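> Provided below are the primary sequence and the corresponding predicted coordinates.
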Amino acid sequence: MEYVKKLAPMVPWVQIGLFVGGLVLGLLWGYVISPIEFVDATPSYLRADLREDYMRMAIDSYRLNPDPNLAVARWQGLGAGAQQAYAAVQADPRGMDPAIVKSYGELVTQVLAAGGGQPVETGSGSSLIRTIVLGIGGLVLLGVLGYGGLYLYRLLNNRGSGTVTPTMQASEMSRKAEKTNFEQLGLAPPITQTMTTYVLGDDLYDESFSIDTAAGEFMGEYGVGVSEAIGVGDPKKVTALEFWLFDKNDIKTATKVLMSQHAFNDPAIRARLEPKGELVVVEPQAQVLLETATLQLLATVVDLEYGKGPLPTNSYFERITLELAIWPRQGGQAQG
């Protein structure tokens with residue numbers, strides 16, 4: 001919790017840092033790494049006064065080199081603004097020969113009319129595509145940064161608020177639970193030994209663990225999870241858990257069902273759970289054994305508390321901590 005308290009004051013600075021970092025990254029990308037460049041742009045992008053100057057130069061060039069293809073290409077380079085620029089030059093020739101201005105306009109009109117076309121604005125297709133791609137890429141990058149910042153903010157804010165989830169409670173209980181010292185009881189130490197806790201509200205409780213030799217050889221798996229709930233509403237009111245043992249040398253997974261006192265005495269619930277395995281009523285400090293061809297699992301009820309609510313007495317678990325210990329099964333018999 002001390003770590004959480006230290007994180008809480010940092011939350012506003014995380015937001016500010018992410019915003020500034022995203023802004024700097026965006027500016028760096030847009031102006032240094034991959035700035036937008038206009039390549040082979042046409043005169044149609046010029047301001048109106050500059051388009052007029054361009055038209056004057058095109059007409060003057062036509063006077064010296066009356067090439068109809070070049071004259072029309074320069075007209076079309078101005079796109080939709082060509083007619084406006086030409087009309088401005090006609091109204092104010094500024095020393096240009098009006099006859100040349102008129103001749104240029106008539107030539108362009110004749111060529112375009114003969115071709116059945118109109119002045120067309122042309123541009124750089126590759127530049128346009130590149131601009132679009134960069135724009136989309138920038139939006140995606142900003143979206144990812146924004147989502148990441150929001151996720152981090154919520155994570156730190158939840159931690160800083162001191163909210164403790166059922167899963168966190170269960171983990172802490174398992175950590176604090178004292179494991180059995182089987183050697184002091186005259187038994188060989190287990191291959192693996194695990195504490196696991198279910199707490200009311202952990203609706204997705206389902207844990208599994210691997211069984212490996214000291215040399216790293218896989219032998220099987222074991223685990224425990226929710227088997228049956230009663231009542232309605234959230235959270236689930238768990239009335240039975242099932243624990244299982246998988247042995248790679250056995251064709252069948254061994255399973256037993258740990259039931260609350262109410263569930264164990266309810267014929268309807270028993271009928272639903274009997275196909276899953278042997279039914280066992282849960283009692284504090286009770287021990288239940290599972291065996292396969294080469295393995296055995298001893299489950300011990302370390303801690304048990306029933307929920308107190310409108311449902312029948314001792315019908316669902318408020319919390320339950322199990323110790324699961326695995327040994328090799330020697331000669332097909334469980335160790336005593």
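Cool, got the structure. None of these values were measured; they are calculated from a predicted model.
> what's the pLDDT at Asn314?
Among the per-residue scores, Asn314 holds a pLDDT of 94.
> can I assume it is in contact with Ala263?
No - using Cβ atoms under 8 Å, Asn314 makes no contact with Ala263, being 9.1 Å away. Quick note: C-beta positions are derived from backbone N, CA and C, even for glycine.
> For Val224, give the beta-bridge partners.
Glu207, Phe243 (DSSP bridges).
> Now do the same contact list for it.
Thr196, Tyr198, Asp206, Glu207, Leu241, Glu242, Phe243, Trp244, Ala299, Leu322, Leu324 (Cβ atoms under 8 Å, 6 or more residues apart in numbering).
> make it 6 Å
Counting by Cβ atoms under 6 Å, 6 or more residues apart in numbering, Val224 makes contact with Thr196, Glu207, Leu241, Phe243.
> Would you reformat those as a markdown table and include pLDDT, neighbour count and distance to Val20?
As requested, these are exported to a markdown table (pLDDT from 0 to 100; neighbours: other Cβ atoms under 10 Å; distance: Cβ to Cβ, whole Å):
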| residue | pLDDT | neighbour count | distance to Val20 |
| --- | --- | --- | --- |
| Thr196 | 96 | 25 | 44 |
| Glu207 | 94 | 17 | 42 |
| Leu241 | 96 | 24 | 50 |
| Phe243 | 94 | 24 | 52 |
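> Tell me the one of those residues nearest Tyr62?
The nearest member of the contacts of Val224 to Tyr62, counting by Cβ to Cβ, is Glu207 at 85.8 Å.
> Which of Asn314 and Ala263 has more residues huddled nearby?
Regarding Asn314 and Ala263, a neighbour count based on other Cβ atoms under 10 Å identifies Ala263 as having more, with 28 against 19.
> for the more buried one, phi and psi?
Dihedral angles of Ala263 (phi, psi; degrees, to the nearest 10) stand at phi -60, psi -40.
> so where do the strands sit in this structure?
Chain-ordered strands for the chain, with DSSP state E as the definition, fall at 192-199, 206-212, 218-230, 237-247, 254-259, 278-281, 287-291, 295-306, 317-328.
> Mind checking these for the one nearest to Leu28?
For the strands of the chain, distance to Leu28 was read as Cβ to Cβ. The smallest value, 46.1 Å, belongs to strand 206-212.
> From Thr109, how far out is the residue of the chain most remote from its centre?
Using Cα atoms, centre = their mean, the residue of the chain lying farthest from its centre is Ala99. It sits 70.5 Å away. The spacing between Ala99 and Thr109, counted by Cβ to Cβ, to the nearest Å, is 16 Å.
> what does Ala254 give?
For Ala254 relative to Thr109 (Cβ to Cβ), the value is 94 Å.
> try Ile269
94 Å.
> Which one's more surrounded, those two?
Ile269 (21 against 13).
> Quick check, that one in contact with Ala263.
Yes - contact criterion Cβ atoms under 6 Å: Ile269 and Ala263 qualify, at 4.6 Å.
> For stretch 163-173, what is the distance to the chain centroid?
24 Å (Cα atoms, centre = their mean, to the nearest Å).
> Stretch 212-220 now?
Taking mean C-alpha positions (Cα atoms, centre = their mean), stretch 212-220 and its chain are 34 Å apart.
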